[in-house]
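K.L.:
below is the structure, and that's it, no one-letter string:
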């Protein structure tokens, strides 16, 4: 199965959940959310060391152990300096903004893993180029692209019931870009409310 058809199939499955959410009596008290901050690393050729990752999301129950929601996130992924012809230097600053339609499964017997999330993603990738001259020599390094992809994450949370919980999110995202696919791994502290 190709990457595009797999992502389209997952998006279709999530869209099929919309009638179930619409049929449920809309209750704002059933809405939950989270805020998270941590570290993200980009895996491409000549990738920078990684940097800060931020995300926020809202979700709504669709079944006893399933929730559907939307997350948005922003990753500052670091900078790399490149040299060409021994005299020309350029810096590329990498960042990514993403929006994900997540389906959250709430397992009861996976130890501290209390939330497993998967869904299709739209990622806006940037590799912003800055040079002191000779910019044309580095034009191939610049990235300004929006691409579809997939996202998954596991969240470790305490088992007890509380209106606010502190957890740890381990995330994976893959965007299918024109030149080189972007894979991002993240680890974030999260507040679930």
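P.N.:
Received it, and whenever you're ready, just let me know what you need. Computed from a predicted model, the values in this text were never measured in an experiment.
K.L.:
run through the helices of this protein in chain order.
P.N.:
Along the chain, counting by DSSP state H, helices occupy 3-16, 18-23.
K.L.:
how close does residue 184 sit to residue 107?
P.N.:
For residue 184, the distance to residue 107 (Cβ to Cβ, to the nearest Å) stands at 24 Å. Just so you know, the C-beta spots here come from the backbone N, C-alpha and C atoms, and that holds for glycine as well.
K.L.:
which one of those two is surrounded by more residues?
P.N.:
For residue 184 versus residue 107, the count of surrounding residues by other Cβ atoms under 10 Å is larger for residue 184: 26 against 12.
K.L.:
is it true that the more buried one touches residue 43?
P.N.:
Yes - in terms of Cβ atoms under 8 Å, residue 184 counts as a neighbour of residue 43; the distance is 7.2 Å.
K.L.:
in the protein, where is pLDDT below threshold?
P.N.:
Applying pLDDT under 70 to the predicted model, the residue ranges of the chain that meet it are 1-28, 132-138.
K.L.:
just the strands in it please.
P.N.:
32-43, 51-63, 66-84, 88-105, 113-131, 143-156, 165-175, 182-192 (DSSP state E).
K.L.:
can you tell me the strand partners of the second one and which way each runs?
P.N.:
Okay, so that is strand 51-63. Strand 51-63 pairs in its sheet with strand 32-43 (antiparallel), strand 66-84 (antiparallel), by DSSP bridges.
K.L.:
now do the buried residues in it.
P.N.:
Buried residues in strand 51-63, defined by neighbour count with 16 or more other Cβ atoms under 10 Å: 51, 52, 53, 54, 55, 56, 57, 59, 60, 61, 62.
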